[in-house]
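Asks: Sequence and predicted structure, then a few things I'm wondering about:
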Amino acid sequence: MDYFKKLADLLKTEKIEDQAQYKRLTETASIGEKRANGLTWYPIAIRGQELGRGDYLTVEVERTTHQDLPHQFRFGIPSVIFSNHDPKVDRVEGIINHQSGNRAKITLRTDELPDWSRDGKLGLEILFDNNSYEEMESAIKKAQDYKNADVLTGISKPVFEENFDKIKIQNLNNSQNQAVNNIISAKQLSIVHGPPGTGKTTTIVAAITKMASKNQKILVTAPSNAAVDLLAEKLSEKGLEVLRVGNPVRVSERLNKLTLEAKMSQHPAFKDIKKLKIQANEYRSLAHKYKRNFGKAERDQRKALFDEAHKILKEIENIEEYIMDDLRGKTQIVAATLVGANHYTVSKNQYDVVIIDEAGQALEPACWIPILKAEKVVLAGDHSQLPPTIKSEIAAQQGLSVTLLEKLANTHPEAVTLLDTQYRMNEKIMAHSSREFYGNRLIAHESVKKQVLNQEIPPLLYIDTAGCSFDEKIEGTSATNPDEAAFVVKRMEEFSKYFDNKTSVAVISPYKQQIKILEELVNASETLKPFLTNISINTIDSFQGQERDAVFISMTRSNPENQIGFLADTRRMNVAMTRARKLLVVVGDSATIGSHPFYAGFIENSEKTEAYKSAWEFLNL
């Protein structure tokens, strides 16, 4: 089928570029640089080890310094333990099977740690993630034989049950109830289009709860661990039997109870595993007392001890398999990331329904991994917010940036329910996004419609810096505008008289270098000092799925050529503008950004609603 051949080719292009970028990042970089980029923990200490499935050794490590640095280590990522003596030779590879705080467990492709691990300093480094690409490639190959491939590639129309008793859930609004009914009556495909603040998670949880009550087996997935965690936790709160496959990012007691590890440890048969593991480790410890360069008798004794340990480990594996089968039988809902849906513990599972949340941020090839496991697919998300991250510009331009959600929402409008009531923003903050992205169909719920930070200030303010000589500076691929940053912080200081100790504030710019300047200025401000714990300063992407009482946006760009760079991706700006609940302040140069229709419309709307101010009005105060 040409559809899947094209998808496979795009994925190949993406993989080549991803590998090239990884190579550039790692080959010439020092350990310090890799540590700063979140690719390396160094130094680390080994805190424990035990033999696991297939005679592989699982080692627990802890990073002992630079613990405040952000990192990219997470469940399922391939990694390597290396020695500082000779990092290219003294290295052993494995897969991270658990990560929490500054600790990680790595299953190594060996049954014992090499001798060099006991000398010198050790580090842990992320390897290129071939596994995810292999899973996606395999799914695309199998997708051609998927029963409902015609519907999901836009050839055939989705079918819905006609003789269907509609349900009405008390605490859901009309569009949410409509979405639940659409999901339940769909035979192959249902789409929930959830603009910001419209209760998408609440709607999905309600639909899953209804389907689970009819004994349907459901696979719940999302591209990010955070989104999977949120759904797993909400479903568990409803009293459903949820199995969280993988490693929760949000370390809460409730979530950890849902993991396979925790559920297995509570199983009656698990006490046998504990005893056997102690035995196996005793045999291994004895075996390690015999060095490899001893005589034949010692080598034979060493081998006999290892053989005994391996026999016990095989027995452990059989008990684990029995426990996992038992748990799988009792589980109503499996929750995992898209790639995690094929984890060895659940890889053979089939389901009645697969849910893909945050589908607007999911690469299509990754979506096919869970899709193959059920005949009915529910896609939930918003293709008018952040798209998936794609490394290859060529692959993006040729179609990889168009998600399955966007394709199918356009091809099968009958499968789509738009959640039309938002519970986050003042109606004036919402208005521009509703008009530009949602066909003016979005309405503000009565509870938020008129909410403001303070009656003395409007909920929306656009401050135009045109003619102020706030000129941008370009540094590599990032832009800065120090004068605009100072202006934004000055306005924050003025508005801070309306803040209290609970007011949450976001300061957003599309540019990382501008963020650094804003951070320095905010942290240096005496006026803002009492509110610092409630102020978040970051790029747009980090605020997806979040909300704040007040949001200040520094557009940054100001140049005579009207170059707007990142700002041309209006979906990103949709995310930025819709984070605000009670106050949105946008600062930017209309002469530059007004050349784009989206911003021209925003500026025009601001003028009509008396939300427009010239920066000169503030500068002359």
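Replies: Done, it's in. Numbers count the residues shown, from 1 in each chain.
Asks: biggest helix in this protein by residues?
Replies: For the chain, the longest helix by residue count, based on DSSP state H, is helix 296-330.
Asks: Can you name the residues in contact with whatever helix or strand comes next after that one?
Replies: Of the helices and strands lying after helix 296-330 in sequence (DSSP states H and E), the nearest is strand 333-337. For strand 333-337, the surrounding residues in contact (CB atoms under 8 Å, 6 or more residues apart in numbering) are 76, 208, 212, 217-225, 228, 231-232, 235, 240-246, 258, 341, 343, 346, 349, 351, 370. For glycine as for every other residue, the C-beta is placed from the backbone atoms N, C-alpha and C.
Asks: and the longest helix of the chain, what does it pack onto?
Replies: Contacts defined by 3 or more CB pairs under 8 Å, 6 or more residues apart in numbering; DSSP states H and E place helix 296-330 against helix 260-265, helix 270-288.
Asks: In terms of mean pLDDT, which of those ranks lowest?
Replies: Note on the helices and strands packed on helix 296-330: helix 270-288 shows the lowest mean pLDDT, a mean of 78.
Asks: Which helix or strand contains S132?
Replies: helix 130-143.
Asks: any idea of the mean pLDDT for that helix?
Replies: The pLDDT scores in helix 130-143 average 96.
Asks: which parts of that helix are buried?
Replies: S132, Y133, E135, M136, E137, A139, I140, A143 (16 or more other CB atoms under 10 Å).
Asks: swap in stretch 69-88?
Replies: For stretch 69-88, using 16+ other CB under 10 Å, the buried residues are H71, F73, R74, F75, G76, I77, P78, S79, V80, I81, F82, S83.
Asks: Are any of the contacts of strand 333-337 buried, and if so which?
Replies: Buried, going by 16+ other CB under 10 Å: 76, 208, 212, 217-225, 228, 231-232, 235, 240, 242-246, 258, 341, 343, 346, 349, 351, 370, out of those.
Asks: Among these, which ones are in strands?
Replies: Using DSSP state E, I218, L219, V220, T221, A222, V242, L243, R244, Y351 are the members of the buried ones among the contacts of strand 333-337 that sit in strands.
Asks: Please save the CA atoms from the helix or strand bottoming out on mean pLDDT in the chain in CSV.
Replies: Lowest by mean pLDDT, DSSP states H and E among the helices and strands of the chain is helix 270-288, with a mean of 78. C-alpha atoms of helix 270-288 as CSV (Å, rounded to 0.1, in the frame of the first residue of the first chain):
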residue,chain,number,x,y,z
PHE,A,270,6.1,-13.2,45.0
LYS,A,271,7.5,-14.5,48.3
ASP,A,272,8.8,-17.6,46.5
ILE,A,273,10.7,-15.3,44.1
LYS,A,274,12.3,-13.4,47.0
LYS,A,275,13.7,-16.7,48.5
LEU,A,276,14.9,-17.9,45.1
LYS,A,277,16.7,-14.6,44.3
ILE,A,278,18.6,-14.8,47.6
GLN,A,279,19.7,-18.3,46.7
ALA,A,280,20.7,-17.3,43.2
ASN,A,281,22.7,-14.4,44.4
GLU,A,282,24.5,-16.6,47.0
TYR,A,283,25.6,-19.0,44.2
ARG,A,284,26.8,-16.1,42.1
SER,A,285,28.8,-14.6,45.0
LEU,A,286,30.5,-17.9,45.6
ALA,A,287,31.2,-18.2,41.9
HIS,A,288,32.8,-14.8,41.9
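Asks: what's it in contact with?
Replies: Contact with helix 270-288 is made by 50-51, 112, 264, 302, 305-306, 308-309, 312-313, 315-316, 319-320, 323, as judged by CB under 8 Å, 6+ apart.
Asks: Can you tell me which of the helices and strands packed on helix 296-330 is nearest to K296?
Replies: For the helices and strands packed on helix 296-330, the distance to K296 is smallest for helix 270-288, at 15.4 Å, taking CB to CB.
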